[in-house]
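what's the 3D shape of this:
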Amino acid sequence: MAEPARLMSAPILYCGDTGLDSAASYLAGVMTHAGWRFDYVPSHEKISRALVEQPHSLVILSDYPAAQFDPELQQIVVHQVKQGLGLLMIGGWESYHGLGGDWDTSAIAGILPVEMFSTDDRLNFDQPALLHPTGWTERLWDLPWFERPPTIGGLNRIRARQGDRVLLSISPYQPAWDSQTQRLQWKDSGVSYPGLVTGERGRGRVAAFASDVAPHWVGGFVDWGPDRVTAQGPGAGAIEVGSDYARFWRRLLSWTAGLE
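The predicted structure is shown next:
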């Protein structure tokens, strides 16, 4: 890993990704490796008013259905974001509209930097889809996007709101074997989807990541990097991931929380 992470002023509130013994172990491990504390709510449990009203640096919603987050409590989060709380939604079957996410008609949807579809927005790739800086013109957080762009296996289709910024795009490719040249040929599909969109709401920052943090949609992205990072969050399973994958999530969470 590169430079040490700055400490959050308050814990992160992390909701979703099934449970700490499964998909949530990935982000739990990354946060623990960074030295960050977090409160956790599994996907099958409703969030409580007491937890929402506690001080947090950042709220993460990842594969967490809108039905588990009462509208009145969502309005509290909207107010908190405008006062400086960070808010990040990560993709998944129960994120955005998804298949049971149903966030598109929620109060939270109105403050995120993306517009959501009102029908199933899931998209799976059976061939590589590259995650890369928009326009290939910048080195976001000094990660090796150009030398070794990571690949993902699926996403939620989202649209950036006017005035907010698409930092990463997702471009599917179509590799095929050319029998004449006996070489693998790569064809750009000509299609691109928003991968990471960011914005500001009052004193708070908001971000939307279209793909997942954990298998299966995360694809080869989970192993991105020359080194291996092993970690284990409190009450979570142990993980082993790529060093650049861990660095990406650390930098994204740090930015959204207002630390950089």
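
Using PDB, list the CA coordinates for the longest strand belonging to the chain.
The longest strand of the chain (DSSP state E) is strand 165-178. Extracted C-alpha coordinates of strand 165-178, given in PDB (Å, rounded to 0.1, in the frame of the first residue of the first chain):
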ATOM      1  CA  ARG A 165     -18.800  14.800 -12.900                       C
ATOM      2  CA  VAL A 166     -18.200  11.400 -14.400                       C
ATOM      3  CA  LEU A 167     -14.700  10.400 -13.200                       C
ATOM      4  CA  LEU A 168     -14.700   6.800 -14.500                       C
ATOM      5  CA  SER A 169     -16.400   5.100 -17.400                       C
ATOM      6  CA  ILE A 170     -17.000   1.500 -18.200                       C
ATOM      7  CA  SER A 171     -16.300   0.300 -21.800                       C
ATOM      8  CA  PRO A 172     -17.100  -3.300 -22.900                       C
ATOM      9  CA  TYR A 173     -14.700  -5.000 -25.300                       C
ATOM     10  CA  GLN A 174     -15.300  -8.000 -27.500                       C
ATOM     11  CA  PRO A 175     -12.200 -10.200 -27.800                       C
ATOM     12  CA  ALA A 176     -12.300 -12.900 -30.400                       C
ATOM     13  CA  TRP A 177      -9.800 -15.300 -32.000                       C
ATOM     14  CA  ASP A 178      -8.800 -14.500 -35.500                       C
END
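
for it, what is the average pLDDT?
The average pLDDT within strand 165-178 is 93.

Any buried residues in it, and which?
166-172 (16 or more other C-beta atoms under 10 Å). For every residue, glycine as well, the C-beta is placed using N, CA and C.

For it, give me every contacting residue.
113, 125, 127-135, 140, 152, 155, 160, 183-189, 191-199, 210-211 (C-beta atoms under 8 Å, 6 or more residues apart in numbering).

Report the two of the buried residues of strand 165-178 separated the most.
Across the buried residues of strand 165-178, the two members that end up farthest from each other (C-beta to C-beta) are Leu167 and Pro172, 18.7 Å apart.

hmm, back to that, distance to Arg37 added to the buried residues of strand 165-178, as JSON lines?
Shown next, in JSON lines, are the buried residues of strand 165-178 (distance: C-beta to C-beta, whole Å):
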{"residue": "Val166", "distance to Arg37": "31"}
{"residue": "Leu167", "distance to Arg37": "27"}
{"residue": "Leu168", "distance to Arg37": "27"}
{"residue": "Ser169", "distance to Arg37": "33"}
{"residue": "Ile170", "distance to Arg37": "31"}
{"residue": "Ser171", "distance to Arg37": "36"}
{"residue": "Pro172", "distance to Arg37": "38"}
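
hang on, the earlier thing: mark which of the contacts of strand 165-178 are part of strands, please.
125, 127-133, 152, 155, 160, 183-188, 193-199.

Would you write a ChimeraX line that selects the buried entries of the residues you listed?
Entered in ChimeraX, the line below selects the buried ones among those, by 16+ other C-beta under 10 Å:
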select :125,128,129,130,131,132,133,152,155,160,193,194,195,196,197,198,199
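
What does the spatially most central residue of the chain show for phi and psi?
Geometric centre of the chain, nearest residue: Ile90, 3.4 Å, by C-alpha atoms, centre = their mean. The phi/psi pair for Ile90 (degrees, to the nearest 10) reads phi -110, psi 140.
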